[in-house]
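S.K.: For reference, the sequence and a predicted model appear below.
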Amino acid sequence: MAPPQSPPRHPAPPQRPFVLGIETSCDETAAAVVAADRSILSNVILSQTALHAVHGGVVPEIAARAHLDHIDRIVTQALEQASLSLNDLDAVAATVGPGLIGGLIVGAMTGKAIALAAGLPFIAVNHLEGHALSARLAPGVAYPYLLLLVSGGHCQLLVVEGLGTYHRLGGTIDDAAGEAFDKTAKLLGLGYPGGPALERSAVTGDPRRFALPQPLVGRPGCDFSFSGLKTAVRQLVERLGSDATARDVADISAAFQAAVAAVLVDRTRHALAMADERGLRPTALVVAGGVAANQLIRRRLTELAAAHGLALAAPPPALCTDNAAMIAWAGLEHFRAGHVDRLDVAARPRWPLDPRVA
Ligand code: KG4
Ligand code: ZN
């Protein structure tokens, strides 16, 4: 007799609702479809890096035009890769702020037009909320949690109490962490975008050779400052002048990265204590935003979280930098909670997560 055969294993079908997300707030044109069971059915990202690299940073006008040129094709690809048509969707979400206004308008108008044509609800998503909730695309991250949001434009510590309730404990008083990476990489001639380039340069560097400041470390509260660190690197680069070797650049990169990691850990440690004093009991430490892709920073924060009996939840690096899966997921959480927006909702270049701290 033939041995009993185990039935063929089919992955469980993704669960509705299915939400299309659109992201155009900076220099990525992105569209994605996610499902309620957290499966990412598609995640298409077109980076404009090459267009902006010659200018050393994002040029808003060029970004807006490029979003307009490509958004239709990127949305079509996201639907094709998810093997869905517009009729299969349950809602459309688009980033409407904060960010560069030209790009925001392109993404918001595209999302609204699709929602109107397909008779679907539209959800206006805050880009920062996309980052804030991105860790919940993996199972097991429950509210409330402490969030370190570190990107090119933002650097803040918040308690995410629940969907739509964000309590800001501190933020940067000058540059964002990603901005500091970008400016320092430029000083070191490492090109744009600076964060990944500087991380690569630091791999072979000795972080102890140059002493760099760690602004605000040990001070009360959990605000950040990075401009002094950047200035110290500039002075170092000026001192070395044209004699600087590849080894010097690697050592400065390693020292800079270690200093940023030390600042982020110290400020986050203070934030954990502040949350505790206020009776807010986080279930996890979450790090999100482009800088969360940095491996040294992830390691240091994992150690910090463990010392507090918490796990570090960090999205995979591809979901740390700008993407539309996180926008679709934030939209999905709002849709499930019954929050939908009118089609006359405006794009907002500024939109703080905690309205008490504008
Ligand atoms: O979240 P994001 O893609 O865009 C914003 O919303 O700002 O973050 C981009 C920022 C840039 O400043 C970039 O240099 C930084 O994140 N970044 C990194 C790394 N990857 C991206 N910084 C440090 N290490 C990385 N591996
Ligand atoms: Zn971002």
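M.R.: Okay, I see it. Ligands and ions are numbered 1, 2, ... in the order given.
S.K.: quick one: terminal-to-terminal distance for stretch 79-98?
M.R.: 25 Å (CA to CA, to the nearest Å).
S.K.: Run the chain-centre distance for that stretch.
M.R.: 20 Å (CA atoms, centre = their mean, to the nearest Å).
S.K.: tell me which residues of it are tucked away?
M.R.: 79, 81-82, 84, 89-98 (16 or more other CB atoms under 10 Å). Every C-beta, even on glycine, is put in place using the N, C-alpha and C of the backbone.
S.K.: State the pair within those that is farthest apart.
M.R.: L84 and P98 (29.4 Å; CB to CB).
S.K.: can I get the buried residues of stretch 79-98 in JSON lines with pLDDT?
M.R.: Putting those into JSON lines (pLDDT from 0 to 100) gives the following:
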{"residue": "L79", "pLDDT": "98"}
{"residue": "Q81", "pLDDT": "98"}
{"residue": "A82", "pLDDT": "98"}
{"residue": "L84", "pLDDT": "98"}
{"residue": "L89", "pLDDT": "98"}
{"residue": "D90", "pLDDT": "98"}
{"residue": "A91", "pLDDT": "98"}
{"residue": "V92", "pLDDT": "99"}
{"residue": "A93", "pLDDT": "99"}
{"residue": "A94", "pLDDT": "99"}
{"residue": "T95", "pLDDT": "98"}
{"residue": "V96", "pLDDT": "98"}
{"residue": "G97", "pLDDT": "98"}
{"residue": "P98", "pLDDT": "98"}
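S.K.: tell me which helix or strand of the protein sits lowest on mean pLDDT?
M.R.: helix 49-53 (a mean of 91; mean pLDDT, DSSP states H and E).
S.K.: quick one: the strands in the stretch 201-350 of the chain?
M.R.: Per DSSP state E, counting those that start in this stretch, the stretch 201-350 of the chain carries strands over the ranges 285-288, 312-313.
S.K.: ok, for H167, nearest residue in space, not its chain neighbours?
M.R.: Nearest residue to H167 in three dimensions, chain neighbours excluded: V159, at 4.4 Å (CB to CB, 6 or more residues apart in numbering).
S.K.: For the one you found, name its beta-bridge partners.
M.R.: L146, H167 (DSSP bridges).
S.K.: just to revisit the earlier point, how about the strands of the stretch 201-350 of the chain in a markdown table, adding mean neighbour count, mean pLDDT and distance to L236?
M.R.: Compiled in a markdown table, the strands of the stretch 201-350 of the chain are given as follows (neighbours: other CB atoms under 10 Å; pLDDT from 0 to 100; distance: least, CB to CB, whole Å):
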| stretch | mean neighbour count | mean pLDDT | distance to L236 |
| --- | --- | --- | --- |
| strand 285-288 | 26 | 98 | 28 |
| strand 312-313 | 20 | 98 | 31 |
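S.K.: what's the closest of the ones you listed to ligand 1?
M.R.: Of all the strands of the stretch 201-350 of the chain, strand 285-288 sits nearest to ligand 1, with 8.1 Å by CB to the nearest ligand atom.
S.K.: Against S39, how distant is the residue most central in space within the chain?
M.R.: By CA atoms, centre = their mean, the chain has its centre lying nearest to G289, at 2.3 Å. Distance from G289 to S39, counting by CB to CB, to the nearest Å: 23 Å.
S.K.: how about the residues of the stretch 151-300 of the chain that lie near ligand 2?
M.R.: Contact residues (CB under 5 Å from the ion) of the stretch 151-300 of the chain with ligand 2: S151.
S.K.: can you list the residues of the stretch 151-300 of the chain near ligand 1?
M.R.: The stretch 151-300 of the chain comes close to ligand 1 at residues 151-153, 178-179, 181-182, 193-196, 199, 289-291, 293-294, as judged by CB under 6 Å from any ligand atom.
S.K.: So which residues of this protein form helices?
M.R.: 49-53, 60-81, 101-118, 127-134, 177-187, 194-202, 227-240, 246-277, 295-307, 317-320, 325-336 (DSSP state H).
S.K.: who's in contact with the closest residue to A337 other than its chain neighbours?
M.R.: In space, and not counting its chain neighbours, A337 is closest to L163: 5.8 Å by CB to CB, 6+ apart. Residues counted as contacts of L163 (CB atoms under 8 Å, 6 or more residues apart in numbering) are L133, Y143, E333, H334, A337.
S.K.: from those, which is closest to P352?
M.R.: Closest to P352, out of all of the contacts of L163 and judged by CB to CB, is L133, at 16.0 Å.
S.K.: That closest one contacts A330, doesn't it?
M.R.: Yes: with contacts counted by CB atoms under 8 Å, L133 reaches A330, the gap being 4.9 Å.
S.K.: So between the two, which is more surrounded?
M.R.: A330 (30 against 27; other CB atoms under 10 Å).
S.K.: how near is the closest residue to D37 other than its chain neighbours to D88?
M.R.: With sequence-adjacent residues excluded and distances taken as CB to CB, 6+ apart, D37 is closest to Q15, at 4.3 Å. The gap separating Q15 from D88 is 13 Å, by CB to CB.
S.K.: Next: A177.
M.R.: 39 Å.
S.K.: Repeat that for A261.
M.R.: For A261, the distance to D88 - CB to CB - is 44 Å.
S.K.: show me what contacts the nearest residue in space to G107 that is not next to it in sequence?
M.R.: Distances taken as CB to CB, 6+ apart put T24 closest to G107, at 3.3 Å, once the chain neighbours are dropped. Residues counted as contacts of T24 (CB under 8 Å, 6+ apart) are A30, H67, I71, A94, T95, G99, G103, L104, V106, G107, T110.
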